[in-house]
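Chemist: Prediction below, plus the sequence it came from.
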Protein chains: 2
Amino acid sequence: MVHEAVTIIDVAQEAGVSKSAAARVLARRGSTSETMRTKVLEAAHRLGYRPNQLARAMKSGATNTIGIVVPDVAIPFFSAVLRGLADTARAAGVEVLVSNTDNDADVEARSLELLAEQRVDGIAIAPVFQEDPAAIIRLQAEELPIVLLDRRMPGLESLPLVSVDHVAATERAVRSLIELGHRRIGLLTEVTRERAVLDDLSGRVGDPYVRSPLRPSAQRFIGYLRALREAGLEVDDDLILRSGYTTQDAQRAVEDFLARDTGATALHATDAVLSSGAYRGIRARGVSIPDQLSFIGFDDQDWTTMVQPTVSVVEQPQQHLGATAATVLVGIIRGAATEPVVHLLEPELITRESVAPPAQAR
Amino acid sequence: MVHEAVTIIDVAQEAGVSKSAAARVLARRGSTSETMRTKVLEAAHRLGYRPNQLARAMKSGATNTIGIVVPDVAIPFFSAVLRGLADTARAAGVEVLVSNTDNDADVEARSLELLAEQRVDGIAIAPVFQEDPAAIIRLQAEELPIVLLDRRMPGLESLPLVSVDHVAATERAVRSLIELGHRRIGLLTEVTRERAVLDDLSGRVGDPYVRSPLRPSAQRFIGYLRALREAGLEVDDDLILRSGYTTQDAQRAVEDFLARDTGATALHATDAVLSSGAYRGIRARGVSIPDQLSFIGFDDQDWTTMVQPTVSVVEQPQQHLGATAATVLVGIIRGAATEPVVHLLEPELITRESVAPPAQAR
DNA sequence: ATGAAAGCGCTAACAA
DNA sequence: TTGTTAGCGCTTTCAT
């Protein structure tokens, strides 16, 4: 805390006017004579007056501060989201408090509680996947504006969501492979659910409210199913590679896959972590990209342009996601309609050297 | 802002005691009877009371909030620093506000002003390189605790600094090459200053106050000079590659370098951006790593383990840097001695496949 | 147009 | 041990 802070009273004294007069000038509201305005402003400048937002917040009930709660700001996806959010918030005169949860529900609950104590005007959160997101629901019940970032769970249906269109992301990648002539396309996914369950949903994901409670990974899976179906191709469970959520697991899954002879001519990995594992696995098996196998990864990471051949990817609009979340959140805070909305942002397919028509088609 | 917030008065009423009695219980200070304590706590719990940190801050003068000001949180180095800082701060009961400056002095000045208005208790800043950091100096004059992150400039000598030991980083990398038998080692740097200027300083950088006003890149350069000198090797200006601060520039500088026959058997790039440019340049020239050229990069980026051969790097303790900054800052805020201190963190050399003895030595 | 005064929620003397 | 009260810096009626 600054020691000898200049208050509005000091300014009023220096200018020889009343406290409330000075306040009116400095907050630019109410009517003031030109003479008084200049006197006050000069005094404020002379003294180096700096408004105390704390006091303002006490009176007005608005702190002009929002919180962002994510698993880990050091993960590139979230740091990009934060960047977009912070910039847009700042442009709207709003500051941003950050919390990491490490995907721990207790840490998340505590973070939310702390942000609420700080009286933030709203919160953007990529929630921990959990059965009962009680902490979030509690704050929502208290009418604290909340926006979900890229994740939604049962129980949070009534909150606005800003998300990448994951169905479209994978659909686009897989369709591009199909258009090149690929017919047997592998999918590397962390989804553990039965394919049949997602199959059932795949016809109805056009409705954001059917789709949004699904995890991004499940949505991407559905994108795969839809792309195949649209092209009249059969879905073969042999082409679906299930993996744990680590590079090592992904690498192993891909190596096993390549060891079996599945006839696959292309592979798509549905996540950043899985992508690097997949790439390693392909290389470990000595399979040549794109001659023997075309490959499309997820997220435009550094390494995708450093390796040879360079890797095609589906790129998520990360900063844009953060910026949109900020816009939506600030909108709600400032009184915009509050009915839940799903904002779906378009991913982009970046084509590089790792993709080619299948061998027999050349 | 939460709408119908429960205040301490509500709690007092519910418990049938005075406002200050409730306050004493809830803030755990002053003496209270056991009976009253339970009554108040039960009431608070029943009502879902949540302390208003705004009001607390108004009274106490401490917001338990700090600000971090960096060029761009989306840059991996800074997001890791932020992560370390946020975690450590949180553990000390302190929240973190983030600002990006994009290396723009005006944006930085404005950010600092806004943080001061929010009455943060302190600021950690990686300042924009500029002639006259007036905004920082102003806040310092107002006795706002400030810690510098990894950068110091003339005029900021009296502020504590938390930094990686850049001299040691490059010294270590270059020495490891020398120990393998390399005698002609290239250095890729963004430094534009004459070598002679840095040569003069290189004997005195043991003193943190000689070293710290230098940019990290200059300190790394000096580390190179020291390693060579220590080994009795001559410094050859032909081996010093100057590059602008972009991947493209770095690639071009390295390609030019490799086109000339300098007899270099090893190369060290002194920054993350320069490293990826350098690697591209080496590959573009078809020079084989490590057979024809050993290579050590800077910062452990994703791609360094995705390419073949994998790349040795000097790794900075990024999260630790943030954590240390938080510890130092909170220490000062809580009244620790305030004399300026330089905290130098040790980098680590990670050895991978890109390094081998020079051809003639094998 | 200007000033006086109340009050946001909390803490900390001071009294009782 | 408990209650009363003043006040942190600001905004905002309400008089004047």
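Modeler: Noted; the coordinates are in hand.
Chemist: Tell me where the stretch 1-150 of chain A has strands.
Modeler: For the stretch 1-150 of chain A, the strands defined by DSSP state E, counting those that start in this stretch cover A:65-70, A:95-100, A:122-125, A:146-149.
Chemist: Rounded mean pLDDT for the last one, please.
Modeler: What that stands for is strand A:146-149. The average pLDDT within strand A:146-149 is 98.
Chemist: With stretch A:109-122 instead?
Modeler: Mean pLDDT, computed over stretch A:109-122, is 98.
Chemist: Quick one: residues in contact with it.
Modeler: Contacts to stretch A:109-122, defined as Cβ atoms under 8 Å, 6 or more residues apart in numbering or on different chains, come from residues A:57, A:62-67, A:69, A:94, A:97, A:99-101, A:123, A:125, A:134-136, A:139, A:142, A:144-147, A:329-330, A:332-333, B:1-2, B:50-54, B:65, B:95. C-betas here are computed from N, CA, C, even on glycine.
Chemist: give the contact list for the closest residue to DNA strand D within the stretch 151-300 of chain A.
Modeler: Residue of the stretch 151-300 of chain A nearest DNA strand D, by Cβ to the nearest atom of the strand: residue A:160 (27.4 Å). Applying Cβ under 8 Å, 6+ apart to residue A:160 gives the contacts A:146-148, A:328, A:332, A:340-343.
Chemist: try residue A:146
Modeler: For residue A:146, the contact set (Cβ under 8 Å, 6+ apart) comprises A:122-125, A:136, A:139-140, A:159-160.
Chemist: Repeat the analysis, applying 6 Å as the threshold.
Modeler: Shown in contact with residue A:146 (Cβ atoms under 6 Å, 6 or more residues apart in numbering or on different chains): A:123, A:140, A:159.
Chemist: so the last one sits right up against residue A:149, yeah?
Modeler: This points to residue A:159. No. Taking contacts as Cβ atoms under 6 Å, residue A:159 lies outside contact range of residue A:149: 10.7 Å.
Chemist: what do those two both touch?
Modeler: Overlap of the contact sets of residue A:159 and residue A:149 (by Cβ under 6 Å, 6+ apart) is empty.
Chemist: For whatever residue of the stretch 151-300 of chain A ends up closest to DNA strand C, I want the exact helix or strand it lies within.
Modeler: The stretch 151-300 of chain A approaches DNA strand C most closely through residue A:159 (25.1 Å), counting by Cβ to the nearest atom of the strand. Assigned by DSSP states H and E, residue A:159 falls within no helix or strand.
Chemist: And it, how close does it get to residue A:326?
Modeler: 16 Å (Cβ to Cβ, to the nearest Å).
Chemist: and those two? which has more neighbours close in?
Modeler: Ranked by neighbour count (other Cβ atoms under 10 Å in any protein chain shown), residue A:159 and residue A:326 place residue A:326 first, with 28 against 22.
Chemist: residues touching that one, list them.
Modeler: Residue A:326 is in contact with A:85, A:88-89, counting by Cβ under 6 Å, 6+ apart.
Chemist: 8 Å instead, please
Modeler: With Cβ under 8 Å, 6+ apart, residue A:326 has these contacts: A:66, A:84-89, A:92, A:94, A:124.
Chemist: near DNA strand C too, which of the contacts of stretch A:109-122?
Modeler: B:51-52 (Cβ under 7 Å from any atom of the strand).
Chemist: Pull out the buried members of the contacts of stretch A:109-122.
Modeler: A:57, A:62-67, A:69, A:94, A:97, A:99-101, A:123, A:125, A:135-136, A:139, A:142, A:144-147, A:329-330, A:332-333, B:1-2, B:50-54, B:65, B:95 (16 or more other Cβ atoms under 10 Å in any protein chain shown).
Chemist: Which positions in chain A make contact with DNA strand D?
Modeler: So chain A meets DNA strand D at A:5, A:7-9, A:19-20, A:23-24, A:26-27, A:29-30, A:49, A:51-52, A:55-56, A:58-60 (Cβ under 7 Å from any atom of the strand).
Chemist: would you put the C-alpha positions of stretch A:25-39 in PDB?
Modeler: Coordinates of each C-alpha in stretch A:25-39 appear next as PDB, following Å, rounded to 0.1, in the frame of the first residue of the first chain:
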ATOM      1  CA  VAL A  25     -15.000  16.800 -10.800                       C
ATOM      2  CA  LEU A  26     -12.800  13.800 -10.500                       C
ATOM      3  CA  ALA A  27     -15.500  11.400 -11.200                       C
ATOM      4  CA  ARG A  28     -16.900  13.600 -14.000                       C
ATOM      5  CA  ARG A  29     -20.500  13.500 -13.000                       C
ATOM      6  CA  GLY A  30     -22.900  16.100 -11.700                       C
ATOM      7  CA  SER A  31     -22.600  19.700 -12.700                       C
ATOM      8  CA  THR A  32     -19.500  21.800 -12.000                       C
ATOM      9  CA  SER A  33     -18.500  25.300 -13.000                       C
ATOM     10  CA  GLU A  34     -15.600  25.600 -15.300                       C
ATOM     11  CA  THR A  35     -13.600  27.600 -12.700                       C
ATOM     12  CA  MET A  36     -14.000  24.800 -10.200                       C
ATOM     13  CA  ARG A  37     -13.200  22.100 -12.600                       C
ATOM     14  CA  THR A  38      -9.800  23.700 -13.500                       C
ATOM     15  CA  LYS A  39      -9.000  24.500  -9.900                       C
END
